[in-house]
Structures are given as structure tokens and as C-alpha cells.
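**Q** Sequence first, then the predicted structure:
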Amino acid sequence: MPETGAQASGLGETLKRKVGPFPLGIWLAAGLGVWWYVRKQQEGQGGPQQQAGNTPPATGYGIDPAGNTGYIDPSTGYVYGSAEDVAALQSQGLIGAPATGTDSGTGASGSNMAGTSTTTPGAPGTGTGGTPTASPPPASTSKSWRYPAPGGLAASNVNDKGFSLHWNPVTGPAGQHPKTYTVATYQMNGKKVDQFTSGSTSTKEYGAGGRGLHPGWQYRVNVWANGGPQAPPHASIVVTLKPK
């Protein structure tokens, strides 16, 4: 017992010993607090969830199981637009056919925005409210057309809570026009944070419920036209919110 008391006393004296302006104990407590805060921040950024077999799904930018490099589609675990991604989406019934073509989406200029383009499928062409408003296309194309990706996608009025979006209207091969567009927003690790439809070619994104985005974070936004017999490609843009 005397030795135990002496050891405890010696530990106490060590923790009281000053290292710089503060005792050693204060530095240790501060380090523990920083570790706890960083861990909570990482959890709050939506780390990948465990799947069956305790294998985390691939998200964000990386290499998928087929060896493709790029942004991983969280719905399939493969890079967006790859043959494996399209096949997996088809097997899940999420698209009717692989979407290909050219994406003309570009971002607004500025240090807080960067536009990117993609040819990957967005969502089923028969999304909410997605029916052509014009007369039916000719019989030769009635089941073999899709809307193109919206051109001119850009962001503006970027602040620490959200931003505005606008793009050019799209037209089908026989003059069809979509009633609505879908806007889907993701964190850079692939986690979806918001999705909604817009009846016009401009809208605002402030996250689900108007408070789902974080100051200083980057987000990838996909926009596609709803309607048509085949899944459409989407335009894409990356936006960085201003810090608070």
C-alpha cells in the first residue's frame, strides 16, 4: 500500500508539472478533447455504413471492385457510368437502358465553384411528373429516345447555407419538353443529402428542410430531365459553400 500511494503521489506530481504555460495534465486533457471532437466530426460527415458481411461500401472518389477509377455510385459500388454500374442499376430496376451521350453541364466561374460533366445515367426516365408535354414522337422513335442532359448548368449566389442553380431547357428528338427536372445533391463521399423536382430551369438548394448543408463543404449536384422511355443522362456541377 505505501508503494501504491507513493506511485499515485508521483503521478499526481507529474501531471502538475508545467510544460510551457500549462501543467502536463491540462495538455493531456486538451489532446483528449481534440481527439473526441475530430472523431465526432468524421461521424457527422456520413462515413460509409457497414453492409452485410461487415464490408463497407465504396464511396467518394476511388477504384471500384472492377478496377474502374472515378466517383463511386453508392447505389452499386461501381464508378458512375461504368459498364458494371449500368448493369447493376438495370438489375435493380433503376434504369431501363444504359444512358450514354454527351453531357454539356458546366459550372459557373469563380473560386468557389467548379463545373464537371458526366455521361452517366441519372434516374429512370419516368420520374415524378416526368411526362412529355408535346405530342407523342414518331413511331420509329417512340421507345428509343431519351432527353439529353441539361446544358449550361451553373450555380450562383453561393453563401454559407446554400446556392442557386440554373440551366438551359432540354428538348426531345421530336420536340418533346419535360414538365419537371430532378435535382440531386451529394456530399463528396457519395452520400445523398437532398433530392427534389423542379418545374422550372432554375431553383435553390439549401439542403433537405432548408438546413441540410454545411458551411465550407463541397457538394456535387446532378440535374436531369424527367420523362421519356429511356433513362436520361444528367448534368453535374461541384459547388463549395462559403465558410461561416
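**A** Received it, and whenever you're ready, just let me know what you need.

**Q** ok but G67 is inside a helix, no?
**A** No - going by DSSP: H, G, I helix; E, B strand; the rest coil, the assignment for G67 is coil, not a helix.

**Q** Give me the number of neighbouring residues for it.
**A** Residues near G67, counting by other C-beta atoms under 10 Å, number 9. Every C-beta, even on glycine, is put in place using the N, C-alpha and C of the backbone.

**Q** Likewise for D194?
**A** For D194, the count of nearby residues is 19 (other C-beta under 10 Å).

**Q** So, low pLDDT: which residues of this structure?
**A** 1-12, 15, 19-20, 24, 27, 42-59, 93-142 (pLDDT under 70).

**Q** buried sites along the lengthiest helix in the chain?
**A** As assigned by DSSP state H, the longest helix anywhere in the chain is helix 24-44. Neighbour-count burial for helix 24-44 flags no residue at all (criterion: 16 or more other C-beta atoms under 10 Å).

**Q** Parallel or antiparallel, list what pairs with the very next helix or strand once past that helix.
**A** Per DSSP states H and E, the first helix or strand lying C-terminal to helix 24-44 is strand 61-63. Partner strands and pairing direction for strand 61-63 (DSSP bridges) are strand 69-71 (antiparallel).

**Q** Mind giving me the packing neighbours of the helix or strand containing A184?
**A** Element membership for A184, per DSSP H and E: strand 181-187. Judged by 3 or more C-beta pairs under 8 Å, 6 or more residues apart in numbering; DSSP states H and E, strand 181-187 is in contact with strand 192-198, strand 202-205, strand 218-225.

**Q** List the contacts of the second one.
**A** Translated: strand 202-205. Residues outside strand 202-205 that contact it (C-beta atoms under 8 Å, 6 or more residues apart in numbering): 162-167, 183, 185, 194, 196, 213, 219, 221.

**Q** Using neighbour counts, pick out the buried residues of it.
**A** In strand 202-205, the ones that count as buried by 16+ other C-beta under 10 Å are 203, 205.

**Q** May I have it as PDB, with CA atoms only?
**A** Output in PDB follows, covering the C-alpha atoms of strand 202-205 (Å, rounded to 0.1, in the frame of the first residue of the first chain):
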ATOM      1  CA  SER A 202     -33.900  27.500 -62.000                       C
ATOM      2  CA  THR A 203     -34.100  26.600 -58.300                       C
ATOM      3  CA  LYS A 204     -32.400  27.000 -55.000                       C
ATOM      4  CA  GLU A 205     -30.500  24.300 -53.000                       C
END
